[in-house]
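Novice: Give me the fold of what follows.
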Amino acid sequence: MDSALSSMDRPRSKSFWRGHKIRSGALLLIVAVGSLVYFAERHAGVRELRVDKQQLTIARVAAGTFRDTLPVRARVTALNSVFLDAQAGGRIETVLAQAGDHVAQGQLLAQLSNSQWQLDVLEREARLVESISELESYQTTLEQNRINNERTLAQIDYEVIRLRRSLLRRSELVARSAEPAEKLDQVKDELDYDLKIEPLQSESNRRQEQLRNDQIPQIREQLKTLNSDLLLTRAQLEKLEIRAPIAGTLTAFDVQVGENHNSGDRFGEIMPNEGFKLTAAVDEYYLQRVKPKQSARMQIDGRDIEVLVARVHPKIKDGVFAVDFAFAKDRSNALVPGEHVEGILTLGSEQPAVVLDAGPFMEQTGGRWVFVVSADGRSAARRQITLGRHSSEQLEILAGLAPGDNVIVSSYENLNRADRIDF
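Specialist: Model (predicted):
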């Protein structure tokens, strides 16, 4: 009996419980490892991020109409303008006009002074006048020599005629012994002398006349050049006068008496009364898409006014290029130079397309991929897409998205490293 009781009441050994715990722990470990393996296989290489959905902007892809437009902000400028630049440096002595004045062509606007400049001009003028005087004096001398040569030849011809008559009369007197033979010989010698020098004088006159004929055109050309230089030199003094080259409205003319200006300094500009144009800065992305004669609508006086692209300036500076717009109808009376107007530029016709609202995400992705919200709305996954045309409001979807897809269009600044977003 004692042996039976001892057999029934004997406690289980610790090895039993230890083995049970080991088996249970092993089972839990296997389950945990299996779960980790399953989760790792399912999410291998996927970078996840948890984000508050309320902080995101989500837009739906739709089959609709792509409006190929671009918002622009343009500045009102003169259709044409002429700048007033200093042609010579100097000190402002007199100011005779101010910004906003309507000026006539040639009107004196301001007067400068520059003593050194004036002295240099007067010195050049004196040298030119001296050169002109010398050439004119030489030209006069050539003319006087021509006259003297002609007079000398004429005198010789006269003497030949006179001596021949005298020789004839004296020959008769000598024949009658009314006069000595010496007188006849004297007249004959004089006649022979004149007959000899007559061809020499004639040849000398011919050569000097040829030389004069060669020199006179050169002298006249030199005189013409010197006189032209003289006029230009005297005009240098006019550079100290600021005059209106055209009639129009004087703008940005801010000069004060006593100021010193260098050559090339800009004093202002004049806008002729020829109307206005609009000039807008457009992002360089649209350089190949903006063409002359494209239409735009500008908000002026609370109304939409039609304008046309008049000129595209292809030079890119700071990521933008300039576009000039001309009015379809004259709107000069409704505009103020310098004011800005808002408008929409039409780049192309409206066409059916799969479209998505444009958003800040383009800055990070360049339109190559987006986050597409899952059907249950609890997450979003990265997806590659292909875009067509862009506008400020819409994106044309060519591949990767279908109507009904929901896309995160807000900024991806803190999302661009994730593959999956959980809300």
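Novice: So the residue lying closest to Val51 once chain neighbours are set aside, which state does it fall into?
Specialist: Leaving out its chain neighbours, the residue that sits closest to Val51 by CB to CB, 6 or more residues apart in numbering is Ile421, at 5.3 Å. For glycine as for every other residue, the C-beta is placed from the backbone atoms N, C-alpha and C. The three-state label given to Ile421 by DSSP: H, G, I helix; E, B strand; the rest coil is strand.
Novice: Tell me how far Ile421 lies from Gln210.
Specialist: From Ile421 over to Gln210 the distance is 103 Å, taken as CB to CB, to the nearest Å.
Novice: Give me the more crowded residue out of these two.
Specialist: Each of Ile421 and Gln210 has its neighbours counted (other CB atoms under 10 Å); Ile421 has more, 22 against 10.
Novice: OK, contacts around that one?
Specialist: Counting by CB atoms under 8 Å, 6 or more residues apart in numbering, Ile421 touches 48-51, 371, 379-381, 408, 415.
Novice: What residues are recorded as beta-bridge partners of it?
Specialist: Beta-bridge partners recorded for Ile421 (DSSP bridges): Leu49, Ala380.
Novice: mind listing what's buried in the one helix or strand Leu395 maps to?
Specialist: Here Leu395, judged by DSSP states H and E, is contained in strand 394-399. For strand 394-399, burial by neighbour count (16 or more other CB atoms under 10 Å) applies to 394-397.
Novice: Likewise for stretch 137-144?
Specialist: Buried-residue list, stretch 137-144, by 16+ other CB under 10 Å: 139, 142.
Novice: Distance from it to the middle of the chain?
Specialist: 55 Å (CA atoms, centre = their mean, to the nearest Å).
Novice: which residues are contacting it?
Specialist: Applying CB under 8 Å, 6+ apart, the contact partners of stretch 137-144 are 212, 215-216, 219-220, 223.
Novice: Buried members of the residues you listed into ChimeraX, please.
Specialist: The ChimeraX selection below is limited to those of these classed as buried (16+ other CB under 10 Å):
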select :212
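Novice: and of the contacts of stretch 137-144, the nearest to Gln107?
Specialist: Comparing those against Gln107 with CB to CB places Leu223 closest, at 34.4 Å.
Novice: what's the neighbour count on the residue nearest to the closest one when sequence neighbours are not counted?
Specialist: Excluding the flanking residues, the one nearest Leu223 by CB to CB, 6+ apart is Leu135, at 5.4 Å. Around Leu135 there are 16 other residues, counting by other CB under 10 Å.
Novice: show me what contacts Leu135?
Specialist: When contacts are counted by CB under 8 Å, 6+ apart, Leu135 touches 219, 222-223, 226.
Novice: partner strands of the longest strand belonging to the chain, parallel or antiparallel?
Specialist: Ranked by number of residues, the top strand in the chain under DSSP state E is strand 303-317. Applying DSSP bridges to the sheet, strand 303-317 is found paired with strand 295-300 (antiparallel), strand 320-327 (antiparallel).
Novice: buried residues in the shortest one?
Specialist: Using 16+ other CB under 10 Å as the burial criterion, the residues of strand 295-300 that qualify are 296-298, 300.
Novice: Pipe those residues into TSV and attach distance to Val354 per row.
Specialist: Formatted as TSV, those follow (distance: CB to CB, whole Å):
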residue	distance to Val354
Ala296	26
Arg297	26
Met298	31
Ile300	35
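Novice: how about the strands paired with strand 303-317 in CSV, adding distance to Asp157?
Specialist: Shown next, in CSV, are those (distance: least, CB to CB, whole Å):
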stretch, distance to Asp157
strand 295-300, 90
strand 320-327, 80
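Novice: Please name whichever of those is nearest to His261.
Specialist: Ranking the strands paired with strand 303-317 by proximity to His261 (CB to CB) places strand 320-327 first, at 28.7 Å.
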